[in-house]
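Trainee: got a predicted model here, sequence first, then my questions.
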Amino acid sequence: MAIWLSNKVHPMLTRVASVFLFHLAIAGTLAAAGCTEESGNIRTPEKRPAELHMPPCAETGPRSELRCGRLPVPEDYSRPDGRQIELNIVMVPAKKSGVKPAALFVLEGGPGVPATGSEDFFLNEGAAYAERHDVVMVDLRGTGGSNPLHCGFLEGRGVPLQRQLGEMYPPDEVIKCRESLESRADLRQYATSNAVDDLEMVRKALGYAKIDLQAISYGTRLATEYIRRYPEHVRTLTAIGSLPSTHRMPLHHAAGFQRAFDLLLSDCEAQAACRQAYPDLRVRWTTLLDSLTEPFVYHYENADLGGGVYMTIRKDVFVEALRSAMYSAYRARSLPLIVDAASQGDFDPFLELALPADANPPPFFAEGAYLSFTCTDDVSRIDPTETESFTSDTYLGDYRVVQQIRACQLWPTGTYPIALDHSVEATVPALLITGEQDPITPPSDAEQLAQGFSNSRVVIVPHAGHLPFDVSDPECIDRIMLAFLETATVDNLDLRCIDELEPLPFAL
């Protein structure tokens, strides 16, 4: 289910390359955490981090340039002497020596994507970020090397081919996942509130007075909640695909996809080659959806499968797969071809998109962490009776919301901090970059988040998706982010390259 297929994909995209952002969530309880509430925020007791050693990650080779460390922290901060988990940390040291460098903390998406998956990028194409900054990657609790909460079946590893086209959260698999993890994790503690304290423990242990935050998708929520609680320790925020704290995922998925897909269809109609290749595409799309009322069996011929196989295709799973594809503009540009073919009874292009190239990939996205974070931080705030008002008359309907509410009824859930119900307000300089056709965190989300930051700027990347680097000049985005990191101000940023970006071609 990897979402990058282009042979010219910005290397930063490999940082979040999987099923990840198709979801979001969990938390630590307010009362059980022994915290007091002040102005909607959570105040946590002062904690002293353990001593942190960061030796080279390897004796020779590229990883010898990296520094690796593990920091024990309480799984439950209200019980500091209880079970400890180790946070996995990788750092690219700043190239400039002689003075104490600044630190850039990288916060990944999902929640479920390990931050340390970015190390190759910052060693190579993204080396400029480490000129004057130590680049610090901390795997979110429950991901990567930080007590990862993996569930093979839910993550699509080693499952029958038809399972790849099944519903997202079958109850028996959710229960199996939970039971496999509960012996080594209190799943209620894998939540944004505790992850904020984890970051603070790492900052203290490494001795940085202030840090810069670079966050993607869910990472923007973690970053803004850290800023809400520890604004004095943050120099800048760069947010890519902003997730406001007040949003409750996946309540907004259906409307987000509707908007992004309609813009994509308009793009196709505006390009002569796409318009000629796929005439009447909107009519074909509507007719296709009407024809998918009931699941049907399709014979898929593929040499890699040893001939042919019969696959059952459901409308809700079909539309969700298209929604997921729109995270990447490159994959999104194949959707007119897929819709046109499917409208004529050919679902081969769809299955090539939806089925994984590797039936048993190594663990990457941690589905248990995703359920933990989203069940507490998001789903617990959803009143099921409001689902219809958010999803009616949309292509996707209530599929994602119903799937996650049902899964969370089977999953341990903490009490979310009430601060999530309120927008973050801060003076930290904030650069908010968003893709015009982002199906999950559209530009309106960045604009909403920016309202709480008195020193902020929203940059909309035309034609781009959730990760706005698959454009004609992806380094344009890097240049803007590096300039902001250097100056710590949104004033006088050179954004001319944004206006010169061209959309990727459609698959014809």
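Mentor: Everything's here; your move. Numbering: from 1, shown residues only.

Trainee: hey, let's count contacts and neighbours off CA atoms from now on
Mentor: Will do.

Trainee: residue ranges with poor pLDDT in this structure?
Mentor: 1-48, 98-99, 303, 305-306 (pLDDT under 70).

Trainee: nearest residue to the middle of it?
Mentor: Most central in the chain under C-alpha atoms, centre = their mean is residue 109, positioned 2.9 Å from the mean C-alpha point.

Trainee: would you list every one of the strands in the stretch 51-200 of the chain?
Mentor: For the stretch 51-200 of the chain, applying DSSP state E, counting those that start in this stretch gives strands covering 67-74, 84-92, 102-107, 133-138.

Trainee: okay, those in JSON lines with mean neighbour count and distance to residue 216 next?
Mentor: Compiled in JSON lines, the strands of the stretch 51-200 of the chain are given as follows (neighbours: other C-alpha atoms under 10 Å; distance: least, C-alpha to C-alpha, whole Å):
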{"stretch": "strand 67-74", "mean neighbour count": "20", "distance to residue 216": "22"}
{"stretch": "strand 84-92", "mean neighbour count": "22", "distance to residue 216": "18"}
{"stretch": "strand 102-107", "mean neighbour count": "24", "distance to residue 216": "6"}
{"stretch": "strand 133-138", "mean neighbour count": "25", "distance to residue 216": "13"}
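
Trainee: pipe the ones you listed into TSV and attach distance to residue 386 per row.
Mentor: Putting those into TSV (distance: least, C-alpha to C-alpha, whole Å) gives the following:
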stretch	distance to residue 386
strand 67-74	36
strand 84-92	37
strand 102-107	31
strand 133-138	36
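
Trainee: the ones you listed: which one's closest to residue 123?
Mentor: strand 84-92 (7.2 Å; C-alpha to C-alpha).

Trainee: what packs against the closest one?
Mentor: Applying 3 or more C-alpha pairs under 8 Å, 6 or more residues apart in numbering; DSSP states H and E, we find strand 84-92 packed against strand 67-74, helix 119-123, strand 133-138.

Trainee: please save the CA atoms from stretch 374-387 in PDB.
Mentor: Taking Å, rounded to 0.1, in the frame of the first residue of the first chain, the C-alpha atoms of stretch 374-387 are listed here in PDB:
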ATOM      1  CA  THR A 374      -7.000   8.300  17.500                       C
ATOM      2  CA  CYS A 375      -9.400   6.400  19.800                       C
ATOM      3  CA  THR A 376      -8.600   8.800  22.700                       C
ATOM      4  CA  ASP A 377      -7.800  12.100  21.000                       C
ATOM      5  CA  ASP A 378     -10.300  12.000  18.200                       C
ATOM      6  CA  VAL A 379     -13.000   9.300  18.200                       C
ATOM      7  CA  SER A 380     -13.800   9.800  21.900                       C
ATOM      8  CA  ARG A 381     -14.800  13.300  20.900                       C
ATOM      9  CA  ILE A 382     -17.200  12.200  18.200                       C
ATOM     10  CA  ASP A 383     -20.900  11.900  18.900                       C
ATOM     11  CA  PRO A 384     -22.100   9.100  16.500                       C
ATOM     12  CA  THR A 385     -25.300  11.100  15.900                       C
ATOM     13  CA  GLU A 386     -23.300  13.900  14.200                       C
ATOM     14  CA  THR A 387     -21.800  11.500  11.600                       C
END
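
Trainee: name the residues that touch it?
Mentor: Stretch 374-387 has contacts (C-alpha atoms under 8 Å, 6 or more residues apart in numbering) with 23-27, 188, 191-192, 247-251, 398, 401, 404-405, 408, 411, 413-417, 420.
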